[in-house]
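K.L.:
Need a 3D model of the following:
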Amino acid sequence: MTTDLWMLVWTALLSLFFFLTYGLGRMRLPGGIPWAFGNRETEIAGPPWVERAVRAHHNLVENIGPFAILVLVAHVSGHANATTAFGASLFFWARVGHAATYIAGILYVRTAMFALATLGELMILAQLC
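P.N.:
As a prediction, this is how the structure comes out:
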């Protein structure tokens, strides 16, 4: 399997298990365990880092679709190469950095991580042209 596809798999796993960060944070709140196992008809307010983790996860979910499309099209069309592998790796590691800095509340660095991830996608896109 190519590096591009492995980075897609790792990104999917990051997205799949991301909920554990804020899920565990919410479960530690008073009433958090019944809320987590309930229907969640009301919101439960958590500490700021928990809410940032939720937003970081949503942001990853919004961005995984275009990344997956680019990686899969590059692979299927035979355009996968060292540049797409680097772009996919850049996307994955920048998304890890984005999640960490978003949860920690580190301004500007979070935005730089998002920009690096986008650059990774653009690198893949450039190979398709």
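
K.L.:
Closest to the centroid, which residue in the protein?
P.N.:
Centroid-nearest residue in the chain, with Cα atoms, centre = their mean: residue 60, separated by 3.3 Å.

K.L.:
could you say which helix or strand contains it?
P.N.:
Following DSSP states H and E, the helix or strand that holds residue 60 is helix 48-76.

K.L.:
Against which helices or strands is the next helix-or-strand element following that helix packed?
P.N.:
Toward the C-terminal end, the helix or strand that comes next after helix 48-76 (DSSP H and E) is helix 82-104. Secondary-structure packing of helix 82-104 (3 or more Cβ pairs under 8 Å, 6 or more residues apart in numbering; DSSP states H and E): helix 3-17, helix 48-76, helix 109-128. (Glycine included, C-beta is placed from N, CA and C.)

K.L.:
Of these, which is nearest residue 89?
P.N.:
helix 3-17 (5.5 Å; Cβ to Cβ).

K.L.:
Name the next helix or strand downstream of the closest one, please.
P.N.:
helix 19-27.

K.L.:
Next, the buried residues of that next one.
P.N.:
For helix 19-27, a neighbour-count test (16 or more other Cβ atoms under 10 Å) marks 21-23, 25-27 as buried.

K.L.:
Which residues does it contact?
P.N.:
For helix 19-27, contacts defined as Cβ atoms under 8 Å, 6 or more residues apart in numbering pick out 32-33, 35-36, 44, 46-47, 49-51, 53-54, 57, 99, 103.
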